[in-house]
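>>> below: sequence and its predicted model.
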Amino acid sequence: MPGPLKGFRVIDLTTMISGPLATMTLADQGADVIKIEHPAGGDHSRQVTGRRGGFSASFLNNNRGKKSVTLNLKDKRGVDAALRLCETADVFVQNFRPGVAERIGLGEAAVRAVCPDIIYTSISGFGFEGDWAGKPVYDPLIQALSGLASVQGGADDARPRLVRTILPDKLTAIQAAQSITAALLARARTGQGSHVQISMLDTVLAFLWSSDMAGYTFVGDEVTPDQSGTAQTFVELIYQTADGWMAVSAHTDSTWAGLAAAVERPDWLDDPRFATVAAREENKPARLELTQEALLQDTTDSWMQRLGAQDVPCAPVLTRAEVYAHPQVVANGIVVEQNHPQAGPLRQARTPARFSGTPTDTPSPARRLGEDTRAVLAEAGFEAAEIDELIASGAATDTQDSKE
């Protein structure tokens, strides 16, 4: 597969979302990703609901473009085989709880002993220090501890709300992929490998601080969400129309004037409550109520034309079933279809970045558990008899022996 990361090899010991999505991003960009899974079931996401042809949608959407090797890492022979694969790797990624990789013999020291310049990457939930480091973690727990659920609730005294997607997991994946490529760039300059450590908690707090935690930037002059005006920042963007919903953003003087013209309410421009950005913010409830009343009088399509004619930023609210067929999505080729040998026709979003000098192909679909065990081990220098012995002992399996 072509792409800017062609020629780089990644050993992937991650499961579920944050790690697999990170390594899939690298695979999408051309890296050779070898996913090591346990013979008995493999990545936990293989087993979640929404399955066809032995594959879950979750696994398919986070593991395309990778090779699947099954090794029993509770068996020293399986660990030794994994270390041999690391000898020719550029990147090693694991998302065990802190300390687990070391206990099974695949910590940084062990991996670096066979590949000194490797980029060893650890992904955790709550970080690598402190009382919470070893706790079990799931996305909602990070939303709670990071303050994201409070931000989503709107105000500190409002009921906290979860974002209705596993945002911390996916943000961490993107941050991990970016950090790995940064470490590879540094290695190209210095010749030295590094240990990249990323936690979901770190990632979400950094994400929130650019806007949602702005009121706590100035030490000694902290302000609450209501005082800083961030509590309802995005509520005003979604309005009901006569036949659906749409997003409208009219913050500036020019877009406010455009909105007033589109809804045929020139009196808004003479109203002192709405004369300036600051006044409109101060009188937000009245502004929102008037805007909502106006937009209920016509359909979404009509408002798209009327608001568009005034250069007011707007968009229809699409359902999930409508998104992939929208003309703008189609025009940019964002969603692609391909056939999976077992799961049949698939629809997926392509990798977002486009590279003119090193274009990427549509990556191969996710593999069956252990489908590439023999080929990958052979490429790493294992003799056929060694591979047969590993499989016979249960330290490794191939597709026929793996329990999907």
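Nice, thanks for sending it over.
>>> contacts, neighbours, all on C-alpha from now
Noted.
>>> give the buried residues for stretch 106-117.
106-108, 111-112, 114-117 (16 or more other C-alpha atoms under 10 Å).
>>> next: stretch 298-305.
299-300, 303-304.
>>> which ones among the residues you listed lie within helices?
300, 303-304 (DSSP state H).
>>> name the nearest of these relative to residue 180.
Looking at these and their distance to residue 180, the nearest is residue 304, at 41.7 Å (C-alpha to C-alpha).
>>> that closest one touches residue 317, doesn't it?
No. Contact criterion C-alpha atoms under 8 Å: residue 304 and residue 317 do not qualify, at 11.3 Å.
>>> ok, how many other residues are close to residue 52?
Residue 52: 11 surrounding residues under other C-alpha atoms under 10 Å.
>>> if I look at the closest residue to it other than its chain neighbours, how far off is residue 28?
Nearest-residue entry for residue 52: residue 343, 5.3 Å, with adjacent residues in sequence omitted and distances by C-alpha to C-alpha, 6 or more residues apart in numbering. Applying C-alpha to C-alpha, to the nearest Å, the value for residue 343 to residue 28 is 20 Å.
>>> ok, now residue 104?
Taken as C-alpha to C-alpha, the span from residue 104 to residue 28 is 29 Å.
>>> so which of the two has more stuff around it?
It is residue 28, of residue 104 and residue 28, that has more neighbours when counted by other C-alpha under 10 Å, with 30 against 13.
>>> tell me if I'm right that the more buried one and residue 364 touch.
No. Using C-alpha under 8 Å, residue 28 makes no contact with residue 364, being 9.3 Å away.
>>> who touches both of those two?
64-65 (C-alpha atoms under 8 Å, 6 or more residues apart in numbering).
>>> in the longest helix belonging to the chain, what's buried?
The longest helix of the chain (DSSP H) is helix 167-190. Going by neighbour count (16+ other C-alpha under 10 Å), the buried part of helix 167-190 is 167-177, 179-180, 183-184, 187.
>>> which two from those residues end up farthest apart in space?
167 and 187 (30.1 Å).
>>> picking up where we left off before, what residues are up against the residue nearest to residue 52?
52-55.
>>> let's see if you can find the most crowded of those residues.
Result: residue 55 is most packed of the contacts of residue 343 (other C-alpha under 10 Å), 23 neighbours.
>>> give me the subset of the contacts of residue 343 lying in strands.
Among the contacts of residue 343, DSSP state E puts 52, 55 in strands.
>>> between the contacts of residue 343, which sits nearest residue 192?
Nearest member of the contacts of residue 343 to residue 192, counting by C-alpha to C-alpha, is residue 55, at 38.9 Å.
>>> quick one, what contacts residue 358?
2-4.
>>> most neighbours, which of the residues you listed?
residue 3 (20 neighbours).
>>> distance check, that residue against residue 322.
In terms of C-alpha to C-alpha, residue 3 sits 30 Å off from residue 322.
>>> likewise for residue 108?
The value you get for residue 108 to residue 322, if C-alpha to C-alpha is used, is 46 Å.
>>> likewise residue 141?
From residue 141 over to residue 322 (counting by C-alpha to C-alpha), the distance is 31 Å.
>>> more neighbours: the two, which one.
Legend: neighbour count by other C-alpha under 10 Å for residue 141 and residue 322, higher for residue 141 (16 against 9).
>>> where does the more buried one land on pLDDT?
At residue 141, the model reports a pLDDT of 98.
>>> about what we covered before: any chance of JSON lines for the contacts of residue 343, columns distance to residue 202 and pLDDT?
Converted to JSON lines, the contacts of residue 343 look like this (distance: C-alpha to C-alpha, whole Å; pLDDT from 0 to 100):
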{"residue": "52", "distance to residue 202": "36", "pLDDT": "95"}
{"residue": "53", "distance to residue 202": "37", "pLDDT": "95"}
{"residue": "54", "distance to residue 202": "35", "pLDDT": "94"}
{"residue": "55", "distance to residue 202": "32", "pLDDT": "96"}
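>>> closest to residue 294 out of the contacts of residue 343?
Among the contacts of residue 343, and counting by C-alpha to C-alpha, the member closest to residue 294 is residue 52, at 46.3 Å.
>>> specify the beta-bridge partners of that closest one.
For residue 52, the beta-bridge partners under DSSP bridges are residue 55.
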